[in-house]
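Undergrad: predicted model and sequence below, questions to follow.
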Amino acid sequence: MQLPYAEPLTIREPGAPVIPEPPRRGEDGGEPCGLCAGQSTAAVWQDEHFSLHPPVGGSLAGAVWLASREHVDSFSDLSPEAAAAFGPLAARVERAILGRWGDGGAHFHVWFIPRPLGMLEASGMMLPLWEDVLPNVTDEELADAARRIAEAL
């Protein structure tokens, strides 16, 4: 893998955690949800569960974002019908853009990466970049966390 930055890069220290975190768009006390308020780019496609939108100011033609029609925070909050429709729809979108999902491995997999509570600079698409420069925890800590997640399933 090669980063799109010239060397030498200087690693920054993350700021102090902000706890409690401020409300996000669409949460009580936060700004209104742009999607629900009609302030996002217009949908280029939609069905009863999802709408598909082009980004603004992007560099990769074919990039799109998919939003639930329900105002929910995460996969776990989707209605059972919308959750069941997501996988087949994601596959249809991938086939339509003729792209690849993932990081080069030919076996389908998805990473779930938790943002540290209060680390606001790691929000959104910045999280994987920060994950790459934060100090590693031990393999035992990683395995223990994975076991706790497995137990919750």
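TA: Received, thanks.
Undergrad: quick one: the helix or strand harbouring Ala145 to chain centroid distance?
TA: Taking DSSP states H and E as the criterion, the element that holds Ala145 is helix 139-152. Its chain's C-alpha centre and that of helix 139-152 lie 21 Å apart, by C-alpha atoms, centre = their mean, to the nearest Å.
Undergrad: repeat for stretch 79-96
TA: For stretch 79-96, the distance to the chain centre is 16 Å (C-alpha atoms, centre = their mean).
Undergrad: and the contacts of that stretch?
TA: By C-beta atoms under 8 Å, 6 or more residues apart in numbering, the surrounding residues in contact with stretch 79-96 are 47, 49-50, 52, 64, 66, 68-70, 75, 78, 100-101. Every C-beta, even on glycine, is put in place using the N, C-alpha and C of the backbone.
Undergrad: on that earlier part again, please work out the average pLDDT along the helix holding Ala145.
TA: Mean pLDDT, helix 139-152: 90.
Undergrad: tell me, what residue is most central in the protein?
TA: In the chain, the centroid-proximal residue (C-alpha atoms, centre = their mean) is Gly124; its distance is 5.9 Å.
Undergrad: pLDDT weak spots in this structure?
TA: Scanning the chain for pLDDT under 70 picks out 1-3, 99-104.
Undergrad: same thing but 80
TA: Low-confidence segments of the chain, defined by pLDDT under 80: 1-5, 58-61, 98-112.
Undergrad: strands along that one, start to end?
TA: Here the chain has its strands, by DSSP state E, at 45-46, 50-53, 65-68.
Undergrad: format those as a markdown table; extra columns: distance to Ala106.
TA: Formatted as a markdown table, those follow (distance: least, C-beta to C-beta, whole Å):
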| stretch | distance to Ala106 |
| --- | --- |
| strand 45-46 | 28 |
| strand 50-53 | 26 |
| strand 65-68 | 24 |
